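S.K.: this is the structure alone, sequence omitted:
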Ligand SMILES: NC(=O)c1ccc[n+]([C@@H]2O[C@H](COP(=O)([O-])OP(=O)(O)OC[C@H]3O[C@@H](n4cnc5c(N)ncnc54)[C@H](O)[C@@H]3O)[C@@H](O)[C@H]2O)c1
Ligand SMILES: NC(=O)c1ccc[n+]([C@@H]2O[C@H](COP(=O)([O-])OP(=O)(O)OC[C@H]3O[C@@H](n4cnc5c(N)ncnc54)[C@H](O)[C@@H]3O)[C@@H](O)[C@H]2O)c1
Ligand SMILES: NC(=O)c1ccc[n+]([C@@H]2O[C@H](COP(=O)([O-])OP(=O)(O)OC[C@H]3O[C@@H](n4cnc5c(N)ncnc54)[C@H](O)[C@@H]3O)[C@@H](O)[C@H]2O)c1
Ligand SMILES: NC(=O)c1ccc[n+]([C@@H]2O[C@H](COP(=O)([O-])OP(=O)(O)OC[C@H]3O[C@@H](n4cnc5c(N)ncnc54)[C@H](O)[C@@H]3O)[C@@H](O)[C@H]2O)c1
Ligand code: NA
Ligand code: NA
């Protein structure tokens, strides 16, 4: 089941880690640690294998994949020996990561995006293609009436000017090309009524938002713990120190705000109330690709006794994200094949800010995911 | 549904916090924070109310309850105003916490224990009595052939000498008196074939072992998180600093070993393998009733990348334990009423070292508990 | 040597903790833990004793001292038994904490402040009075030409309008009254050329700025440790979570900025370069008077190896500040008696943002302080 | 000033890191980060340069230096590019690290050790040789009457049987050969009256014990901070998780005890009393050469308020130790040249368990060291 994975942001850290990792697993050079669809409970013949995945994408950057992979190795994200061993593989993917098309109107740009994807599909005789947004986080776009209606949207895109942020334009191009779409970032992506209508019209599924890889993952098990024990969380305050490409971008207040909101949502949803405290993101160049998050939680128990917990999470964001990108591509492709269209809220397990009215507690999200996988049948 | 709660260790921290707390809630002076059977999802008319609970017990110590309560208030475990307000209530319970009977044989001692419980039941016209062991942790007892068979056990108890540790003798007395039994400690309690047989013979249920209140509680959600994400935990090393009565006792290597084993079990059970690292307990008088636990977890993710997490838990053990003692008493009494006998493995949610073959992940234990409560019906 | 301590902010947490503490020590109800001038190495007959201190002050708030003390006891800052025992003492000080005078010009306000101080001095036959600013942190004032010259300043103050921020107006009134002045806050205080000139003209000493009580204290020993070991600090990022009166005020961006700058200064000064990272302050009401600070330090060692350290400081700010207020009052009064005037840079040990060109490493500041005390002679 | 550094334990992590580092610095491939004698305040022409150092030693292990260096690079202790670049240099040192001699009596063994050192000295025309013990930590030896007297010792060594532990036999051989001696480990080394007498008799200096590289370094600045602020430390409890060769050895209870005692000494010495709490060492293979230490400190301040601090130190032990080995070799050689003999207590700055009656506060040790360096003159 040859499946294309078209990466918006294909030369970024998450993208390149995903490409190297999939190649390494296919070549038998690495285990699929971190890939949840490789767990016995979730393995399914309905999914394309990791070896079935073929990569392409768009990125305005021109850094060669092998250079980026070497940089990731130097930063401790990838083992240097893998980068060495997969040099040829990377050279094969190299031409598939193309510059971002630019045209006079957004409609023309979307058409060029769609053409690139179509050519990729044809070149590799792919059964289907999943477009995955792993590009830099965008600020929230200005509201626009065309966001509400698919036909109005098409007209507006045909005019000069910016109607959709890039993440949404990728979704537009994906849906028009009959491709499913995953937003791994906190950007807008497919979260507009007009795009949702298009996904249904073209019978393709989509998933999102914002891969859950660190502090929020921990929150999604600790907050339910406090809830299940009827303990009252009073403060939950988090500090995230991060470097790397994504860190620099998040230093931008607009992008930062989108991310911080994603990160606190799990608390209100699983506790049923909003504790005091915020989540902060600080960019520290020296931290590099390994993020350090520190959270302080104060809570009161029986008869009001004050207690506290703190944790430090020291994780490599790209290494946490990449296996989930592979999982999501496999799951979304399989759902597409099964005839699912519209939002895949059953994939909430993977996201900080999931689509639909879904549980935020990790264990419940896991149960939802497991039954989703079972529902995909035996292929 | 007047329900007796007979506390072995009735003058200890957990016991007195439970008594004060139940009185405060009944008097409308405090909320039932920390009581899980008060959560909307678990509330049930099948359970006796907190106001239905009547307390008695055994303890070799002679500290008066109000003195102990004042000491707990000075240590920050109880609000001083509650202790002040409940002075009269405590004076009422005072004579119900009796000295531990001593006799020539363990059989005679058990008979005296049973007599104390029977008198208590009669005095308060109780529907049933739950015996709860919250006494000091014992070292593991020497194996004895009488542990395997109820009839051999009876004969052995009639001889001079020690056949059963105190926790098990309380279970013996409880079962012979038609009372259910809960072991909140890591001691042996009802975990002997002979005692299990007696519980079935006398048609009473029992529960245990070792209330899950701090570091292990956190482990029971974090370990499943790593498992669900297919991340490989390499090290899990824990340090527990604690003072208070229980801390002093746990400084004893025998008791300490029992506790440390309870504490690591959740890892093997939820991860499917044993990571490196141990759990240590250090007694530090100054720490008092607020325990500090520090855990370091190292794990590897995609392509072997090393990552780490650490947490510090700063909890008041008695304040965490007492509401669970109330929950357990209510649940076990209701199960008894419903005709359940033998081990209540559905109460695994409450214990570090649960009975039976049960999940160790908190969310699964919660689901088990919720269905157990539903199964109790509408009383 | 009866010494007046006139507290600007006399009803605040630091002030009331200082008053209660001094009274408790005088009454033999408490040890002078936290008072550095009670250490054998710094004890000196040249200093007024703690018992010699008499308290008065200004505050716009009208909360009674005993109410404030009770609130501090409820928050765990003061032992309730001390507040109970010192009720009468506090009633004696009560009328000495007066409302902040308001007049048509700042010169008139300063005159009213001076009159209050003079009356206090007369009432208690005080040898001298030290004015200590422990009022809320102010935003930095707008620059004004009158700040540069004492005579221009006098003229400007006589006009309507605001020339000096409150902290500086207290310094002005102090100097004109022949009183020494201490700024325990990051506000401007005496740090203006015009005020410095006045201190010299009136032959009075002054000290400041910003009591060093928590995270910065730790920095002042850790940063020199890295420097002495020739280790390269790359990142030093701090998060401070605090509640209480001061916390609420620091949530104001202006005040916050002043404080954060004070807090990072020690790094540049002791390391010789500025590592990456910032210090953040977040107000969290539930944290109350116990501040939690978390700092992450990354550094590189031999051959560039990356290492890291993190610490959590959980301190009661008022309990850390109050004994230093007593120390500073005693030291400044003694310096005044000895004929010192102008900035007392030898008191750098006590401050985040010390006056003059002084060491920022705590051990060097200690040596400076010890020789200063020796220089005060035998009274 | 060609200076030999004879490493007992010359194939261990600390030794090889020292050799690679000195070579890298000499070759201009690395900065002397971590070397304190390269700080402007301590630089002195009286010291041999890092380039003057020539390495040799003894080790029972036969791992080749370049293999060990590669292993250290894989573990993140050394940069792989340095190991690559210094391959030839390491090959030159290779034959200088010789097997540990074995003979019928300890006197004969010492003679063989001395012969190896003499040949090394001759081969490289060295001005002098410093013997540095960086071999595995030994358990404390059984007391022996010969330890008290140099002449009795010589006789006893001539008999079969074990009189001295290896570390002390190296000191014996060093002194008899006119070499100075440094014990970087907690082993006995030169700390026996008989050996001290010999050092004086042969006019050679010695230094020790136990390089201060991690948790104890931090203690040596934090404990004085609490003391200088008159804060009462109540608990200081430490946990050290370490892997690597030294970690495995320290899992041995005997060696562990020696190390733990060294580690707590600084507290009693700088605070003037012993707080509660212990220091624990746990061996965790996965931790490797990067040690994680966690310390909890509880303290009380003004009016008894309880506060707390915790820190986590995540350091690479060998990278912290190696530059100090270079510093110590240079300082001890210079002292030798200047005519110093017996214990060099002025080098306390470098050790957990320093010789003589010396300060344990780092800043005072630094002052002592600085004046020592000045005392060495201008060479
Ligand atoms: N790594 C994680 O754990 C994680 C978790 C959740 C979300 N995310 C999100 O994933 C995204 C990628 O993270 P990263 O660490 O790889 O960042 P990165 O900065 O390394 O990569 C982003 C890439 O997107 C490219 N790009 C920018 N604008 C583009 C456009 N219009 N079209 C196509 N490509 C464009 C950039 O050139 C860059 O190569 C970010 O938005 C991040 O917030 C990451
Ligand atoms: N507090 C928690 O979070 C928690 C969690 C799990 C388990 N536990 C267990 O609960 C038990 C009680 O803890 P605690 O903090 O109240 O301890 P505690 O020391 O305050 O109280 C124990 C009481 O048991 C009494 N006792 C001793 N031997 C007895 C006997 N033979 N019969 C009757 N009473 C006896 C003691 O006199 C004492 O009053 C301990 O075994 C502890 O390990 C507590
Ligand atoms: N507690 C510490 O560790 C510490 C350390 C360094 C500096 N400080 C500084 O000390 C000051 C006091 O801290 P706190 O915790 O007591 O705060 P607080 O809010 O409890 O007290 C401040 C008091 O100042 C009064 N005030 C406000 N404006 C005033 C004015 N114009 N004149 C006189 N009084 C006025 C307020 O009414 C209040 O009672 C703050 O500026 C704080 O930044 C405190
Ligand atoms: N790394 C640090 O931060 C640090 C700090 C203080 C003390 N130390 C001490 O330094 C020593 C070395 O540490 P390491 O990490 O290099 O350990 P390591 O285990 O890597 O090296 C020790 C070496 O000593 C050798 N050896 C054993 N017995 C010997 C003998 N009788 N003669 C000569 N060599 C012998 C071993 O074969 C091994 O090669 C240890 O004693 C350690 O406790 C290290
Ligand atoms: Na930590
Ligand atoms: Na911590």
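M.R.: Looks like it came in fine. Here the structure is a predicted model, which is why all the values come from computation and not from measurement. Residues are numbered from 1 along each chain as shown, chains lettered A, B, ... in the order given. Ligands and ions are numbered 1, 2, ... in the order given.

S.K.: list the beta-bridge partners for the residue nearest to residue A:132 when sequence neighbours are not counted.
M.R.: The shortest distance from residue A:132 to any residue other than its chain neighbours is 4.6 Å, reached at residue A:182 (C-beta to C-beta, 6 or more residues apart in numbering or on different chains). Placement of C-beta: from N, CA and C, glycine included. Note on residue A:182: beta-bridge partners by DSSP bridges are residue A:132, residue A:207.

S.K.: hang on, residue A:182 packs against residue A:209?
M.R.: No: the pair residue A:182 / residue A:209 is not scored as a contact, 9.3 Å apart, by C-beta atoms under 8 Å.

S.K.: how close does the residue in chain A that chain D sits nearest to sit to residue B:307?
M.R.: Using C-beta to the nearest C-beta, the closest approach of chain A to chain D is made by residue A:312 at 7.3 Å. Counting by C-beta to C-beta, to the nearest Å, the gap between residue A:312 and residue B:307 amounts to 11 Å.

S.K.: cool, residue A:188 as well?
M.R.: Note on residue A:188: its distance to residue B:307, by C-beta to C-beta, is 30 Å.

S.K.: likewise residue A:52?
M.R.: Noted for residue A:52: a distance of 28 Å to residue B:307, by C-beta to C-beta.

S.K.: now residue A:163
M.R.: Taking C-beta to C-beta as the criterion, residue A:163 is separated from residue B:307 by 41 Å.

S.K.: more neighbours: which of those two?
M.R.: Legend: neighbour count by other C-beta atoms under 10 Å in any protein chain shown for residue A:163 and residue B:307, higher for residue A:163 (25 against 21).

S.K.: can you pull the contacts of that one?
M.R.: Residue A:163 makes contacts with A:106, A:144, A:146, A:147, A:153, A:156, A:157, as judged by C-beta atoms under 8 Å, 6 or more residues apart in numbering or on different chains.

S.K.: neighbours around residue A:84, how many?
M.R.: Burial measure for residue A:84: 12 neighbouring residues, criterion other C-beta under 10 Å.

S.K.: per-residue pLDDT, residue A:264?
M.R.: Taken from the predicted model, the pLDDT recorded for residue A:264 is 78.

S.K.: can you check residue A:255 too?
M.R.: You'll see residue A:255 listed with a pLDDT of 64.

S.K.: you'd agree residue A:302 is up against residue B:326?
M.R.: No: shown here, residue A:302 and residue B:326 do not form a contact pair, counting by C-beta under 8 Å, at 9.0 Å.

S.K.: more crowded one of these two?
M.R.: Here residue A:302 and residue B:326 are set side by side on neighbour count (other C-beta under 10 Å), and the busier one is residue A:302, at 30 against 25.

S.K.: returning to what we had before: with neighbour numbers in mind, choose between residue A:182 and residue A:209.
M.R.: The neighbour count for residue A:182 versus residue A:209, taken as other C-beta under 10 Å, is higher for residue A:182 (32 against 25).

S.K.: what does the stretch 51-200 of chain A put close to chain D?
M.R.: With the criterion set to C-beta under 8 Å from any C-beta of the partner chain, the stretch 51-200 of chain A comes near chain D through residue A:80.

S.K.: reformat the contacts of residue A:163 as JSON lines; add distance to ligand 6 and neighbour count.
M.R.: Listed next are the contacts of residue A:163 as JSON lines, based on distance: C-beta to the ion, whole Å; neighbours: other C-beta atoms under 10 Å in any protein chain shown:
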{"residue": "A:106", "distance to ligand 6": "49", "neighbour count": "23"}
{"residue": "A:144", "distance to ligand 6": "46", "neighbour count": "16"}
{"residue": "A:146", "distance to ligand 6": "50", "neighbour count": "19"}
{"residue": "A:147", "distance to ligand 6": "45", "neighbour count": "20"}
{"residue": "A:153", "distance to ligand 6": "50", "neighbour count": "26"}
{"residue": "A:156", "distance to ligand 6": "52", "neighbour count": "20"}
{"residue": "A:157", "distance to ligand 6": "51", "neighbour count": "21"}
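
S.K.: now, which of those sits nearest residue A:228?
M.R.: Distance ranking of those against residue A:228, using C-beta to C-beta, places residue A:147 first at 39.0 Å.

S.K.: which residues does the closest one contact?
M.R.: Each residue near residue A:147 by C-beta under 8 Å, 6+ apart is listed here: A:153, A:163, A:164, A:192, A:193, A:194.

S.K.: same question, residue A:277
M.R.: Residue A:277 is in contact with A:235, A:236, A:237, A:238, A:296, C:241, C:282, C:284, counting by C-beta under 8 Å, 6+ apart.

S.K.: would you list the phi and psi of it?
M.R.: When quoted as degrees, to the nearest 10, the phi and psi of residue A:277 stand at phi 100, psi 150.

S.K.: next one: residue A:50
M.R.: Dihedral angles phi and psi of residue A:50 (degrees, to the nearest 10) take the values phi -60, psi -40.

S.K.: name the nearest residue to it, ignoring sequence neighbours.
M.R.: Distance criterion C-beta to C-beta, 6+ apart; nearest residue to residue A:50, sequence neighbours excluded, is residue A:25 at 5.0 Å.

S.K.: buried residues, stretch A:47-59. List them.
M.R.: A:47, A:48, A:50, A:52, A:53, A:54, A:55, A:56, A:57, A:58, A:59 (16 or more other C-beta atoms under 10 Å in any protein chain shown).

S.K.: show me these that map onto strands.
M.R.: Among the buried residues of stretch A:47-59, the ones falling in strands (DSSP state E) are A:53, A:54, A:55, A:56, A:57, A:58.

S.K.: state the pair within those residues that is farthest apart.
M.R.: The most widely separated members of those are A:53 and A:58, with 17.2 Å between them, by C-beta to C-beta.

S.K.: can you pull the contacts of the residue lying farthest from the centre of chain A?
M.R.: The outermost residue of chain A, judged by C-alpha distance from the chain's mean C-alpha position using C-alpha atoms, centre = their mean, is residue A:303 at 42.5 Å. For residue A:303, the set of contacting residues under the criterion of C-beta under 8 Å, 6+ apart consists of B:17, B:20, B:21, B:24, B:30, B:33, B:78, B:79, B:82, B:319.

S.K.: in space, what's closest to the residue in the stretch 251-379 of chain A that chain B sits nearest to - neighbours in sequence excluded?
M.R.: Ranking the residues of the stretch 251-379 of chain A by distance to chain B (C-beta to the nearest C-beta) places residue A:363 first, at 3.1 Å. Nearest-residue entry for residue A:363: residue B:363, 3.1 Å, with adjacent residues in sequence omitted and distances by C-beta to C-beta, 6+ apart.

S.K.: how is that neighbour assigned, secondary-structure-wise?
M.R.: For residue B:363, the secondary-structure state derived from DSSP: H, G, I helix; E, B strand; the rest coil is helix.

S.K.: strands along the stretch 1-150 of chain A, start to end?
M.R.: Along the stretch 1-150 of chain A, the stretches classed as strands by DSSP state E, counting those that start in this stretch are A:3-8, A:53-58, A:97-98, A:128-133.
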